[in-house]
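In: Need coordinates for the below:
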Amino acid sequence: MKDRPPYLAIVNPAAGGGRTRKMLEPALQRLRAAGIVVDVAETSGPGDATRIAREAYALGRRKFIAVGGDGTSYEVVNGFFPEAAANERPTLAFLPLGTGNSFLRDFSDRGVEHAIDSLISQRSSNCDVLRLRHRGGTIHYINLLSVGFPADVATLRARRFSGRGELGYVISIFLGLARLQRRPFPVRTDGEEDFDRRSCLFLTFNNSKFTGGTMMIAPKAEVSSGTIEYVRWGPIGRVGLIRNLPRLYDGTHIEHPMAERKAVRRVEFDLADPVDVMVDGEVLTLHCEELDVLPGVLDVVA
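Out: A predicted model of the protein is given here:
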């Protein structure tokens with residue numbers, strides 16, 4: 001085991017309201033006691049994890065641990081790509097010590113314990129990476145990208161309740177309900193002739209099932225399917241959404257008459273202006289143009 005290349009743990013010490021730094025050392029001790037060699041690099045601000053991952057990958061490192069929440073993993077993934085798409089596949093493990101860790105729920109709901117067990121046993125699998133081209137550049141992600149209601153909720157949480165954990169997410173959901181918007185986000189998939197310009201509550205473009213920790217927004221998504229799980233919910237009203245809100249947590253919302261889902265390989269956007277998007281826990285404002293999938297270009301230890 002000692003001959004294995006060391007992992008580089010990229011740590012966001014501010015994740016989880018600062019609890020990541022407190023919980024990190026006991027987790028590292030368990031890994032090192034099991035013979036896992038781990039080097040550590042801490043971030044000091046937004047974008048640092050991307051820079052650290054990019055520089056380390058360029059120097060030949062291929063094994064990484066994202067220590068924090070979904071946002072930390074998102075930054076690390078964007079440090080690998082696009083370079084890794086045409087070169088040696090990186091390996092990404094997780095120590096989910098942050099606030100939101102939706103991606104790992106596809107594998108287990110045991111959080112840190114499962115992540116440590118996976119690292120010790122070196123349990124890994126191939127994972128797709130989704131690529132979004134927008135007018136300002138390109139981003140990559142492994143969980144989901146959404147527009148509409150989930151992005152509105154995430155934006156509220158990021159701007160007003162970022163320090164309140166799961167409670168902040170719940171508060172943001174109810175504020176989102178109070179100011180509910182239904183609007184079009186014109187898209188077409190897999191070369192369809194026409195753009196879908198119907199108003200909707202939300203669109204999500206998923207690689208894995210969960211968002212917001214426990215909301216199963218895309219119950220049929222698989223991280224190595226080679227496709228984008230596209231979920232659309234039409235212009236449901238406020239009362240209807242409140243009645244059906246629990247279905248967003250068990251995945252049965254896709255059975256609603258206003259809901260649609262399909263597995264696709266390419267999505268084109270025809271947006272008049274930039275929109276707020278939620279991507280892997282991060283809130284961005286982007287003028288989206290095209291989305292596709294890079295099949296099996298990442299190994300995940302999970």
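
In: Give the residue spans of the stretch 151-300 of the chain that score low on pLDDT.
Out: By pLDDT under 70, the low-scoring segments of the stretch 151-300 of the chain are 165.

In: mind listing the strands for it?
Out: Secondary structure of the stretch 151-300 of the chain (DSSP state E, counting those that start in this stretch): strands located at 183-184, 187-189, 199-200, 202-206, 210-211, 215-216, 228-233, 259-264, 266-269, 275-279, 282-286, 288-301.

In: what about those, which gets the closest to A158?
Out: strand 282-286 (4.4 Å; Cβ to Cβ). Any C-beta I mention is one placed from the backbone N, CA and C, and that applies to glycine too.

In: Give me the contact list for the closest one.
Out: Strand 282-286 is contacted from outside by 70-71, 74, 132, 134-136, 139, 151, 154-155, 158-159, 274-277, using Cβ atoms under 8 Å, 6 or more residues apart in numbering.

In: Next, count neighbours for L92.
Out: For L92, the neighbour count with other Cβ atoms under 10 Å is 25.

In: residues touching it, list them.
Out: By Cβ under 8 Å, 6+ apart, the neighbours of L92 are F64, I65, A66, S73, V76, V77, F80, C127, L298, D299, V300, V301.

In: need those in a markdown table with distance to L24 and neighbour count, can you?
Out: Shown next, in a markdown table, are those (distance: Cβ to Cβ, whole Å; neighbours: other Cβ atoms under 10 Å):
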| residue | distance to L24 | neighbour count |
| --- | --- | --- |
| F64 | 15 | 27 |
| I65 | 10 | 27 |
| A66 | 12 | 30 |
| S73 | 16 | 31 |
| V76 | 16 | 29 |
| V77 | 20 | 27 |
| F80 | 22 | 24 |
| C127 | 24 | 24 |
| L298 | 23 | 24 |
| D299 | 23 | 17 |
| V300 | 20 | 23 |
| V301 | 17 | 21 |
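
In: Now flag whichever of those is closest to A33.
Out: Comparing every one of those with A33 (Cβ to Cβ), the shortest separation belongs to I65, at 15.8 Å.

In: can you give me the helices in the stretch 51-200 of the chain?
Out: 70-80, 112-121, 149-160, 165-178 (DSSP state H, counting those that start in this stretch).

In: Identify, out of the ones you listed, the most deeply packed stretch.
Out: Mean neighbours per residue, mean count of other Cβ atoms under 10 Å, is largest over the helices of the stretch 51-200 of the chain for helix 70-80, with a mean of 26.

In: Pull that helix out as CSV, backbone CA atoms only.
Out: What follows is helix 70-80 as a C-alpha-only set of coordinates in CSV (Å, rounded to 0.1, in the frame of the first residue of the first chain):
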residue,chain,number,x,y,z
ASP,A,70,-20.2,20.1,-3.1
GLY,A,71,-18.7,23.5,-3.9
THR,A,72,-15.2,22.3,-3.1
SER,A,73,-15.6,19.2,-5.3
TYR,A,74,-16.9,21.5,-8.1
GLU,A,75,-13.8,23.7,-7.9
VAL,A,76,-11.5,20.6,-7.9
VAL,A,77,-13.2,19.1,-10.9
ASN,A,78,-12.7,22.4,-12.8
GLY,A,79,-9.0,22.2,-12.0
PHE,A,80,-8.8,18.9,-13.9
